[in-house]
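S.K.: Build me a model from this:
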Amino acid sequence: PKGFAIGTSEGKFVSVEAPSMGELPIKCTVISLTEGPTDNWAAVFTTNKFPGAPVKIGRSRLKEDRPLEALVINNKVSNVCSGGDGVADSELVCDAVTKALKGGGAVLPCSTGVIGWRLPAEVLAEKLVPEAVANMQSESVLDAASAIMTTDRYPKIRSSTISDGRIVAIGKGAGMIEPNMATMLVYILTDLAVPKDKLRDMLSDVVDQSFNCISVDGDESTSDTAVLVSSNQVPFEESMEKEFKTTLQRLCTELAADIVRNGEGTAHVMRVQIRNFPGSESEARSLGRRVVNSPLFKCAVNGNDPNTGRLAGAVGSFLGRFSSEIDETKISMTLGNRRIFNKGQFVLKDDDGNDIEKELSQHMKDAEYEDTSNYPPHQKFVEIGIDFDEDSKTTTTTTVLGSDLSKEYVTVNADYRS
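M.R.: Next comes the predicted model:
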């Protein structure tokens with residue numbers, strides 16, 4: 001969008017906590033507002049009780065309500081619960097950005113990577129930040145989308161045009177993906193001059209309906225951050241508000257799906273659609289996460305094994321804790337849009353009495369992609385439906401996305417630091 005510039009750089013550092021690993025690569029990204037600081041920005045952060053130092057600073061910046069001039073992001077080290085002063089380290093990097101840009105607005109820091117390691121703040125402040133600022137360009141966000149990655153397999157970008165303005169969103173995340181939100185950094189840039197209050201209300205709502213509805217492994221990160229920034233270069237009319245929010249919702253929903261599809265070792269993405277649930281939206285999402293986080297069912301999906309018993313077991317386990325008043329005879333379940341459970345019983349034959357096992361397995365195979373794929377060859381899902389057949393006026397409908405569980409996921413996380 002108009003009014004933004006992006007610069008990236010890369011270098012080496014030696015971890016204080018693991019010097020035997022030698023020099024390790026690290027990347028730095030700076031996103032600046034070329035026409036000066038903006039009051040119109042919003043952010044939401046992880047609810048993890050051990051947040052990273054950048055999250056603490058981000059919350060403080062939001063509370064102070066200072067105009068925002070730039071964002072600075074590093075990968076490899078998350079600056080969480082480190083032995084030094086993590087806040088001071090991040091502030092040192094922010095000060096370096098302010099100095100390099102010759103500006104005076106607030107700088108929002110973000111870090112992602114190994115938890116517990118101290119941020120190589122001097123390397124970033126003295127070398128990588130000045131280099132990133134020297135490399136500033138306004139042609140593409142691809143460099144930034146690539147530089148913020150850790151174990152991600154590919155950069156993730158979504159964009160759309162609204163009138164004369166644009167919204168561009170980038171994100172990273174591959175493991176520790178569990179709302180709220182996911183190990184996930186998301187940056188949404190727009191040149192439309194949307195007022196601050198509207199941006200903050202919209203971002204909160206949109207995140208709840210997108211990034212809070214995904215899970216790869218059920219582990220909530222300490223660094224999750226989503227930021228929405230306006231450069232105020234294109235006029236915004238009240239009549240555009242509905243279109244802006246609808247577009248923002250679509251882009252974030254698509255980016256959330258990209259993050260799951262990019263999950264460590266992911267070969268299938270599950271889409272669980274819950275209808276007519278007799279409870280709140282949060283409770284309905286918890287049911288969806290119970291399904292996509294079930295190790296037994298995740299493994300079955302990875303092997304293209306339509307083990308309907310594992311699906312029913314995950315659903316029943318949640319409902320047993322949720323309410324004893326649920327009428328299980330009203331519940332129906334589908335896999336690949338084929339009804340597999342109805343009125344308290346499995347339905348595993350078609351109308352002609354033929355076994356549907358091969359059909360269900362083929363649906364899973366069609367949604368599969370190689371875990372070595374740099375970019376996914378398709379956008380297919382393993383489709384799962386759970387319908388409670390309750391009065392739609394007092395019930396909830398929601399969708400949750402999740403990944404399978406592969407050998408590759410275990411390998412990546414067993415070797416993450418080594």
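S.K.: ranges for the helices of this protein?
M.R.: With helices called from DSSP state H, the chain shows them at 53-64, 86-101, 121-123, 129-134, 142-147, 196-209, 241-261, 281-292, 295-302, 308-322, 357-366, 407-414.
S.K.: Of those helices, which is nearest residue 184?
M.R.: Each of the helices of the chain has some distance to residue 184 by CB to CB; the shortest is helix 241-261, at 6.2 Å. For the C-beta atoms, the positions are set from N, CA and C on the backbone; glycine is no exception.
S.K.: Leaving aside the residues adjacent along the chain, what's closest to residue 168?
M.R.: residue 159 (4.4 Å; CB to CB, 6 or more residues apart in numbering).
S.K.: so that neighbour sits right up against residue 170, yeah?
M.R.: No - here residue 159 lies out of contact with residue 170, judged by CB atoms under 8 Å, at a distance of 9.2 Å.
S.K.: So which of those two has more stuff around it?
M.R.: More neighbours sit around residue 170 than around the other of residue 159 and residue 170, counting by other CB atoms under 10 Å; the figures are 25 against 15.
S.K.: Read off the pLDDT value for the residue nearest to residue 168.
M.R.: On pLDDT, residue 159 comes in at 97.
S.K.: And it, how far from residue 328?
M.R.: 45 Å (CB to CB, to the nearest Å).
S.K.: and if you look at residue 34?
M.R.: Applying CB to CB to residue 34 and residue 328 gives a distance of 59 Å.
S.K.: cool, and residue 112?
M.R.: 42 Å.
S.K.: Next: residue 40.
M.R.: Taken as CB to CB, the span from residue 40 to residue 328 is 50 Å.
S.K.: Show me which of those two is the more surrounded one.
M.R.: Using other CB under 10 Å as the criterion, residue 40 and residue 328 rank with residue 40 on top: 22 against 14.
S.K.: Can you give me the end-to-end span of stretch 30-44?
M.R.: 19 Å (CA to CA, to the nearest Å).
S.K.: buried sites along it?
M.R.: Using 16 or more other CB atoms under 10 Å as the test for burial, stretch 30-44 gives 30, 31, 32, 33, 37, 38, 40, 41, 42, 43, 44.
S.K.: show me what contacts the residue of the chain positioned farthest from its centre?
M.R.: Centroid-distance maximum for the chain: residue 352 at 43.6 Å, with CA atoms, centre = their mean. By CB atoms under 8 Å, 6 or more residues apart in numbering, the contact list for residue 352 is empty.
S.K.: Now the phi/psi pair for it, please.
M.R.: Dihedral pair for residue 352: phi -90, psi 10, per degrees, to the nearest 10.
S.K.: I'd like to know how many residues surround residue 200.
M.R.: Quick note: residue 200 (other CB under 10 Å) scores 17 neighbours.
S.K.: Make sure it is actually in contact with residue 39.
M.R.: No - when contacts are counted by CB under 8 Å, residue 200 is not listed as touching residue 39 (11.3 Å).
S.K.: Let's see the pLDDT reported for residue 234.
M.R.: 98.
S.K.: Hmm, residue 191 and it touching each other?
M.R.: Yes - at 4.7 Å, residue 234 counts as touching residue 191 under the criterion of CB under 8 Å.
S.K.: what is in contact with the two at once?
M.R.: 2, 165.
S.K.: Might you report the residue contacts of residue 281?
M.R.: Contacts of residue 281 (CB under 8 Å, 6+ apart): 396, 398.
S.K.: any idea how far residue 337 is from it?
M.R.: 24 Å.
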